[in-house]
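Q: model the structure of this input:
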Amino acid sequence: MNKGPLSDRWLMILFGAVMAISAGYLVYALFSINERETELAELALERNQQETSTRYDALFHMVEEDLRQEALAIAHHDTAEMATVSERWEPLLTSHWDITAIRLADEHGNELTLFRRGEAMVWMVTREGSRNVPPLLTRFSSGQGLEVSSTDLDTDTVHDPRQRIWFSRTLSIGSQDPIWSIRRDARGRQPILQVSYLIRRPQHAWGHQVIMFDLDPSRSERLQLGRSAPGLFRSILLDDEGHPLITGTVQQDSVLIKAEQEALASWSQVRTRRTFRFDHGESELLGLLLPYSLNGQELLIGALIDLRTLRLWTGPERQALIVMSTLFAAIGILLLLAWRIRLHVRKRMRKQQRVNRNLARKLDKALGERDVLNREVHHRVKNNLQVVSSLLNLQASRLEEGPVRQEFLRGKRRIDTIALVHHKLYGSDDLRNVDLTKFFNGLVEALQEMHKPGSKAVSHSIQVDGLKADQDTAIELGIILCELVSNAYQHAFPHATGGHIDIGLHQVEGGLYRLMVKNNGKILAPDYKDGSGKLGLEIVDALASQLDGSFHIRTNGSLTFEVLFRMLKGTASPDPVIGDTEGLE
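A: Residues are numbered from 1 along each chain as shown. Predicted coordinates:
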């Protein structure tokens, strides 16, 4: 008879202990929220650094490619006079606002330079290091044909290119890749970022030549400098000595400029690769500076975040903790009142548990029926698409050989691949978490069979890391994979020598994923956007946008396609790993 009250007493004691522990945790959380704000700020800075690094990669890669092309064009000419290069250099400076000067020098001290002065461009010619006369400034490139004297422009005091850092470093290193360096002005002006490339011409009268670009990153539209979010600044680019390479920010925000100056002063005292705090007026800022490596030159990129912004974000959380603490006190009182009706609550709980079990059984049954219906829908979609494919095939058979018939056949093949995706999908064991490894293997094997005999000598490998996806995401990924693999079978291996296709799907970070399809066959023609494969690539780009992602094409000895995307719903990954795979086309 006493077991019930005794059990209730111990249960009450247990509840009281839990309440005390919970109240203590709330107090601890209230005092540790500042640490959470710092952690959030560090995560925001790290993400910002990754985005900024990606933008700089794109900018510097584009500049290096332009430099290589100019070097190649010069190497195919016997002379490098103004008339030879003006047709390329002037449009290059006009279209690339971030390139401020182009220089071409040889081992004898001869140099040809095109640089901006305001809205105009000026040619400067240096002969044998200008030992006897200063450099000759010939004309403005604006078409006015004006002659100017060397005293009209603020040029370097050293006119012999052989005495400049970029020239000597390029010759001494002798690398096949562009060499980066920084010109530091003795008069304290802003350092200039320079990239140079060695042109080997042993049979030319000038011997080896070096071409160089002056680069101002703050002029580049790719970087989108300034505020990336409320309270977050990212416009810091420094040389290896901590001197800024970017003057100001977008719209010349004086507050941001002052914040950056104070950040550099604070960082110069510690020179850490971790986050650092400093005061900016009434605000407290958190900064992060990390090294960024170029070939031959180390730089620093950084970002700042205003902790007041984070406190605005965490303000509701702080208030919620205070409210929760108050509620816990009220709950303690209500718990005493609930003691008298506990037996009644027990009965209601038992009744509710029975109802929940019944609902769970009904829900399991409904989910099972939904899976059956989903499979039936995919089966019917596949059958309907096969009917459409047959109609297109019948229509194409009545057409004469030519572009129209080929377009019908291309449309038929795309419908066949969509039908194939649905066919493989309704064969999955769990449509809510589709096993992408099994799904991709089935698709590629079927595509290989569809494209025989051309695909017979082409091997493939698939690495998916055990990822799973919902059926909507799986359908779009399946169509993207079919388009890219079919494109490889049809265009990448025109000869019977065979080849290999690499397929990879990896988690990059958080909800961001990367699908890669890479082949070692024929690369895309320059006019591929107007060719027969144009529609397939447009389809892939549209599907990537639907997945809140992007589509990229790159060639680096092989043809690589890359789709960055986010899962439309949850994914199931047994061991999510941040991947760093090769880029795709």
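
Q: from here on, contacts and neighbour counts on C-alpha atoms
A: Will do.

Q: what distance do you get for the residue nearest the centre of the chain to F565?
A: Central residue of the chain (CA atoms, centre = their mean): T54, 5.8 Å from the mean position. To F565, T54 is 16 Å away according to CA to CA, to the nearest Å.

Q: so who does L294 touch?
A: Counting by CA atoms under 8 Å, 6 or more residues apart in numbering, L294 makes contact with W180.

Q: what pairs with it across the strands?
A: Q297 (DSSP bridges).

Q: need the pLDDT of it.
A: L294 carries a pLDDT value of 89.

Q: next, the residue nearest to the centre of the chain: secondary structure please.
A: helix (DSSP: H, G, I helix; E, B strand; the rest coil).

Q: count of neighbours near I415?
A: Close neighbours of I415, defined as other CA atoms under 10 Å, add up to 20.

Q: what's the answer for the one 5 residues further on, then?
A: Here the count is done by other CA under 10 Å, and L420 has 21 residues near it.

Q: got it, and L245?
A: 23.

Q: got it, and H243?
A: 16.

Q: any stretches of the stretch 151-300 of the chain with poor pLDDT?
A: 151-158, 185-189, 201-207, 222-235, 247-257 (pLDDT under 70).

Q: ranges for the strands of it?
A: Taking DSSP state E, counting those that start in this stretch to define them, one finds strands in the stretch 151-300 of the chain at 179-183, 192-199, 209-215, 226-229, 232-239, 276-280, 283-294, 297-306.

Q: G499: what's it in contact with?
A: A457, V458, S459, F493, N519, N520, G521.

Q: how far away is it from N519?
A: Taking CA to CA, one finds G499 at 7 Å from N519.

Q: make a markdown table from the strands of the stretch 151-300 of the chain and add distance to E538 to it.
A: Listed next are the strands of the stretch 151-300 of the chain as a markdown table, based on distance: least, CA to CA, whole Å:
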| stretch | distance to E538 |
| --- | --- |
| strand 179-183 | 37 |
| strand 192-199 | 35 |
| strand 209-215 | 34 |
| strand 226-229 | 29 |
| strand 232-239 | 33 |
| strand 276-280 | 45 |
| strand 283-294 | 34 |
| strand 297-306 | 35 |
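
Q: any idea how far the strand or helix carrying Q69 is from the chain center?
A: Following DSSP states H and E, one finds Q69 within helix 33-75. Put simply, helix 33-75 sits 9 Å off its chain's centre (CA atoms, centre = their mean, to the nearest Å).

Q: what packs against the following helix or strand past that helix?
A: Moving toward the C-terminus from helix 33-75, the next helix or strand (DSSP H and E) is helix 82-95. On a contact count with 3 or more CA pairs under 8 Å, 6 or more residues apart in numbering; DSSP states H and E, helix 82-95 meets strand 99-106, strand 111-117.

Q: looking at the ones you listed, which is closest to R273?
A: Ranking the helices and strands packed on helix 82-95 by proximity to R273 (CA to CA) places strand 99-106 first, at 30.1 Å.

Q: that closest one relative to helix 82-95, how many degrees between them?
A: Our comparison of strand 99-106 with helix 82-95, counting by axes from the mean of the first three to the mean of the last three CA atoms, to 10 degrees, yields an angle of 160 degrees.

Q: quick check: domain ranges of the protein?
A: 12-331, 356-427, 433-585 (automatic domain parsing).

Q: can you tell which of those is closest to I341?
A: Proximity to I341 (CA to CA) singles out domain 12-331 among the domains of the chain, at 13.4 Å.

Q: chain center to the closest one, what's the gap?
A: That offset, for domain 12-331, works out to 18 Å (CA atoms, centre = their mean).

Q: how about the helices in the stretch 251-400 of the chain?
A: Taking DSSP state H, counting those that start in this stretch as the criterion, the stretch 251-400 of the chain carries its helices at 254-270, 307-338, 342-397.

Q: for those, which one sits closest to V485?
A: helix 342-397 (19.7 Å).

Q: need the helices and strands packed on helix 82-95 in CSV (columns: distance to Q471, mean pLDDT and mean neighbour count).
A: Output for those, formatted as CSV (distance: least, CA to CA, whole Å; pLDDT from 0 to 100; neighbours: other CA atoms under 10 Å):
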stretch, distance to Q471, mean pLDDT, mean neighbour count
strand 99-106, 48, 90, 22
strand 111-117, 56, 85, 21
